[in-house]
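Student: This is a predicted model, with the sequence first.
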Amino acid sequence: MPNSTITARANVGTGADLLATVDTPQGKAGAVAVVLSTGVDVGTGNPFPVSVGTLPLPSGAATEATVAAISTKTPALGQALAAASSPVVIASNQSAVPISGAVTGSGTFTSGGPAAHSAVASGNPVQVGGVVAVAVSIAEVAGDVCRSTMTTGGALVTKGFSVPEVDWAYAATAGGIATTTDVVIAAAAGASVRNYLAAISVTNASATIATEVVIKDGATVIWRETLGTQMLPSSAAQRTFPIPLRGSANTALSVACVTIGAAVYVNAQGYIAP
C-alpha cells in the first residue's frame with residue numbers, strides 16, 4: 001500500500017457496553033475500526049487502498065506477455081492459419097461427434113463401411129443404383145468416372161468378359177485352311193497382356209479328307225477338335241467356352257489342321273486382358 005499506515009482501534013461503546021458491538025446469531029461481538037494514516041476510518045466513502053503492482057505471482061501464472069500471445073491467436077470469428085490459432089487437443093477417448101447439415105470441403109475424403117470384406121454383415125446397407133439408358137452414350141472416354149447403366153426395368157446392364165474396345169474377331173479365309181501351317185487368329189497383345197478365346201466355329205468342306213483342328217497358345221496346343229468330311233455349315237462345330245481359353249502373356253493364338261488337304265473354315269471371337 002503506497003505511503004499509508006493502517007491502524008486498528010477498538011470503538012468505544014455506549015450505554016452498558018464498554019466497546020462498540022455488532023449483533024450476531026451467537027450474540028453481541030466487539031467491533032474494531034480500521035483507521036487510515038489520515039485518521040479517517042475505512043468505510044463506504046473511504047475504501048481500503050490496495051496496490052497489486054508489486055504482488056508476486058504464483059508459479060505458472062499467466063503474465064501480461066503470455067496473455068498477449070493468447071490474444072493474438074484468438075482472432076475474430078472465422079478461420080486462421082495454424083500459427084495464428086490456439087491449438088485444441090481432442091481426447092483419445094472422445095466419443096463420436098455427430099454432424100448435421102451439408103458438409104463441403106476440398107481434397108481427399110476417405111470413407112469405409114461398418115464391416116470389412118468377408119466379415120459378418122453389420123449396419124444398414126448402402127444402396128447402389130445406376131442410370132436408366134435407352135440409347136448408346138458416346139460421351140465417356142478412357143479414364144472417366146462412369147455410372148452404372150440400368151434398363152427401364154431396373155436391371156443392371158453388363159457385358160461378358162471385357163469392354164468392347166478390347167474384343168477381337170477372326171473370320172475364315174476364302175477356301176478354308178488346307179495345310180498344316182499355323183494360322184494366327186489373334187496376334188500377340190503386348191507385354192503382360194493375354195489373348196482369351198471365348199467362342200469358335202469350325203467346319204470342314206472337304207469331301208474326302210477328315211482332320212483334327214487344334215488351337216495353339218504359341219506352340220502349345222490348348223484345344224483340339226475332330227472334323228469329318230463334307231460338313232454342311234449347319235453342322236459346324238460351334239463351341240462357346242464358359243471359361244474362355246487363356247493364352248500366355250504377349251503370345252499369339254493360332255489354329256492349325258493336323259492333316260493336309262482338308263478345307264477347314266475357322267471363325268473365332270475373343271478379347272485381350274491381363
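Tutor: Good, I have the coordinates.

Student: Any stretches of the stretch 151-274 of the chain with poor pLDDT?
Tutor: Across the stretch 151-274 of the chain, nothing is flagged by pLDDT under 70.

Student: Mind doing that once more with 80?
Tutor: By pLDDT under 80, the low-scoring segments of the stretch 151-274 of the chain are 234.

Student: So Ala83 lies in a strand, does it not?
Tutor: No. The assignment for Ala83 is helix, going by DSSP: H, G, I helix; E, B strand; the rest coil, so no strand is present there.

Student: Now name the helix or strand holding Gln238.
Tutor: Following DSSP states H and E, the helix or strand that holds Gln238 is strand 237-246.

Student: One more: Ser137?
Tutor: Here Ser137 sits in a region with no helix or strand, counting by DSSP H and E.

Student: tell me which element Thr251 is part of?
Tutor: With elements delineated by DSSP H and E, Thr251 resides in a region that no helix or strand encompasses.

Student: Kindly report the same for the one 5 residues further on.
Tutor: Counting by DSSP H and E, the secondary-structure element that holds Ala256 is strand 253-257.

Student: is it true that Pro271 touches Trp168?
Tutor: Residue 271: Tyr, not Pro. Yes. Contact criterion C-beta atoms under 8 Å: Tyr271 and Trp168 qualify, at 6.5 Å. No exception for glycine: its C-beta is placed from N, CA and C like everyone else's.

Student: okay, and the common contacts of those two?
Tutor: Contact with both Tyr271 and Trp168 is made by residues Asn195, according to C-beta atoms under 8 Å, 6 or more residues apart in numbering.

Student: Nearest residue to the middle of the protein?
Tutor: Residue closest to the mean C-alpha point of the chain, counted by C-alpha atoms, centre = their mean, is Thr110 at 3.2 Å.

Student: Please tell me how far that one sits from Val132.
Tutor: Here the criterion is C-beta to C-beta, to the nearest Å. By it, Thr110 lies 30 Å from Val132.
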